[in-house]
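In: Could you look at this predicted model? Sequence included:
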Amino acid sequence: LPPPLPFLPRHHQPPASPPPKPASMFALAAFASPFLAPAAPRAAAPAALSSAFAPRLAPRFGAGAAAVRSASSAAGSVRMADVEELKKLTGYKSVDDHVTSGMVVGLGTGSTAYYAVERLGMKLKSGELKDIVAIPTSVRTKEQAESLGIPLVTLDTHPVLDVAIDGADEVDAALNLVKGRGGALLREKMVEVQAKKFVVIVDDSKLVEGLGISGAMPVEITPFCWEHTLRRIEGLDSVKGCEAKLRMDGNKEYVTDNDNYIVDLYFKTPIVDAKKAAEDINGLVGVVEHGLFLDMTTVCIIAGKNGIEVREK
C-alpha cells in the first residue's frame, strides 16, 4: 500500500470562503451573473437567458446562473471581466429587453452598438422576432444590418421609431450624452430624436461628472469656409476656453457620411451650461449639428467589472 498522505498544518489548509455580502439597491441584469464566482448553489437559469448564450456559459458555469441585485456590494466575489464581453452582453440585453416583434428600431453606431445589431439579426433569423424594420445611423451600420438580413427603411417612410439603441462617448449623472467621436452624430441624432424610447449602452469608463472632459465634443460643419466656422465656434462665450481642432484622417480632412467636416472641441473643465452651449453652437450658420445629446435618454445600460447596471431617467 502507498504511504498515507502527510498531515497538512492548519496554515496549509485552504481558507474558508467568506460569507456572501448583502445585495444593494442597484439591480444588475441576469446577463452579468456569469462574471460572479458564487459562494452558494446556483439558481435556475433565468428564462431571459437566450439559447445563444447557454451553450457558451454551460461548460464554465453549469446550467444555471444567479440573478444579481448589486453593483457595489458584490465586489469581493466578482472577477474582472473582459470589456469586450461586457459590451456584448450589454448590447444583447438592450435588444432582449426593449425590442419586440412589429417594432421600428433605430440602429446605432459604434463598438457597443455593433452587438445590438448583431443580436437583432440573430433573433430575426431564429424567428424569435418578426416584422421588424430598422433605420441605421451610419453607412457601416447599414452594411452590418444588410449582412444580417435586417430589413431597412428610412425616416422618409417611418418617421416615428419605437426604440433606438446606441452607445455614447460620455454619460453624466442626468443621462445627458456626448456622442459623435465615431463621426456619425448627425444621423444618430436625426434617428434617435424620433424614437419613443432611447436606450443607451455603454461601459462604465464613459461615465463622467460633467460633459466634455474625457475627450472631444464634436461639431459637424459644412466644408465651405470651415476655418471661419471653426473660429466662430471657438469664440462663443458658452464654450469659452475650449480648443477647436478640425478632425483629420491622416493627411486630409475627415469627411462624414454626409460629406461634411467635423470640428472637435476640447475642454479642460466640464461644459458649464451644456444647454446654452448647444443652442449657441446650433445658432451659427455653417454648423450642421453638435454632439450634445441632452434630455434624450430613456434607459442607460452600463457594463462594468461588477456586471451590468440599468439606470432609468
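Out: Good, I have the coordinates.

In: ok, the closest residue to H228 other than its chain neighbours - contacts?
Out: Here the nearest residue to H228 in space, its sequence neighbours aside, is G286; by CB to CB, 6 or more residues apart in numbering that works out to 7.1 Å. Bear in mind the C-beta positions are built from the backbone N, C-alpha and C, glycine included. Under the criterion of CB atoms under 8 Å, 6 or more residues apart in numbering, the neighbours of G286 are I221, T222, F224, C225, W226, H228, T229, R232.

In: List the ones among those residues that fall in strands.
Out: In strands, defined here by DSSP state E, the members of these are I221.

In: Widest-spaced pair of the contacts of G286?
Out: Checked with CB to CB, the contacts of G286 reach their widest spread between F224 and R232, with 13.2 Å between them.

In: picking up where we left off before, most neighbours among the contacts of G286, please name it.
Out: Counting neighbours by other CB atoms under 10 Å, the top entry in these is I221, with 26 neighbours.

In: What is the burial count for the nearest residue to L161 once chain neighbours are set aside?
Out: Spatial nearest neighbour of L161, excluding adjacent residues (CB to CB, 6+ apart): A195 at 4.1 Å. Neighbour count of A195, defined by other CB under 10 Å: 21.

In: What residues does A195 make contact with?
Out: G106, L161, D162, V163, A164.

In: Quick one: which of the residues you listed is the most crowded by neighbours?
Out: Of all the contacts of A195, the highest neighbour tally under other CB under 10 Å goes to G106, namely 30 neighbours.

In: That one: helix or strand, and which one exactly?
Out: Secondary-structure element containing G106, defined by DSSP states H and E: strand 104-107.

In: For that strand, give me every contacting residue.
Out: Residues from elsewhere that reach strand 104-107, judged by CB under 8 Å, 6+ apart: 99, 113, 116-117, 120, 132-137, 141, 145, 150, 153, 158, 160-166, 191-192, 194-195.

In: rewinding a little: so what does the residue nearest to L161 have for phi and psi?
Out: When quoted as degrees, to the nearest 10, the phi and psi of A195 stand at phi -90, psi 140.

In: can you check G127 too?
Out: Backbone phi and psi, for G127 under degrees, to the nearest 10, turn out to be phi 90, psi 0.

In: Okay, and the beta partners of V287?
Out: Here V287 sits in beta bridges with I221, as judged by DSSP bridges.

In: Against A168, how distant is it?
Out: Look at V287 and A168: by CB to CB, to the nearest Å, they are 21 Å apart.

In: Who has more neighbours out of the two?
Out: Using other CB under 10 Å, the more surrounded residue of V287 and A168 is A168, with 26 against 19.

In: now the more buried one, nearest residue through space, not along the chain?
Out: Closest residue to A168 apart from its sequence neighbours, by CB to CB, 6+ apart: L177 at 4.3 Å.

In: One more: I233?
Out: Here the nearest residue to I233 in space, its sequence neighbours aside, is A244; by CB to CB, 6+ apart that works out to 5.6 Å.

In: And for I271?
Out: Sequence neighbours aside, G212 is the residue nearest to I271 in space, at 4.3 Å (criterion: CB to CB, 6+ apart).

In: can you check D131 too?
Out: G102 (4.7 Å).

In: before we move on, the earlier item: dump the contacts of G286 to CSV, plus distance to L124 and pLDDT.
Out: Supplementary listing: the contacts of G286 in CSV, determined by distance: CB to CB, whole Å; pLDDT from 0 to 100:
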residue, distance to L124, pLDDT
I221, 37, 98
T222, 38, 98
F224, 42, 98
C225, 45, 98
W226, 41, 98
H228, 47, 98
T229, 42, 98
R232, 46, 98
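
In: just the contacts of G286 now: which is nearest D264?
Out: I221 (10.9 Å).

In: Please report how far the closest one lies from T229.
Out: Look at I221 and T229: by CB to CB, they are 5 Å apart.

In: got any residues that touch both of the two?
Out: In the contact map built from CB under 8 Å, 6+ apart, the residues linked to both I221 and T229 are V263, G286, V287.

In: Let me know the closest of these to E84.
Out: So of the shared contacts of I221 and T229, ranked by how close each gets to E84 (CB to CB), first place is V263, at 30.6 Å.

In: So what sits opposite I165 in the bridge?
Out: The bridge-partner assignment for I165, based on DSSP bridges, gives L107, V199.

In: Could you pull up the residues touching it?
Out: By CB under 8 Å, 6+ apart, the contact set of I165 is 91, 94-95, 98-99, 105-108, 113, 116, 199, 201.

In: Good, we can wrap up now.
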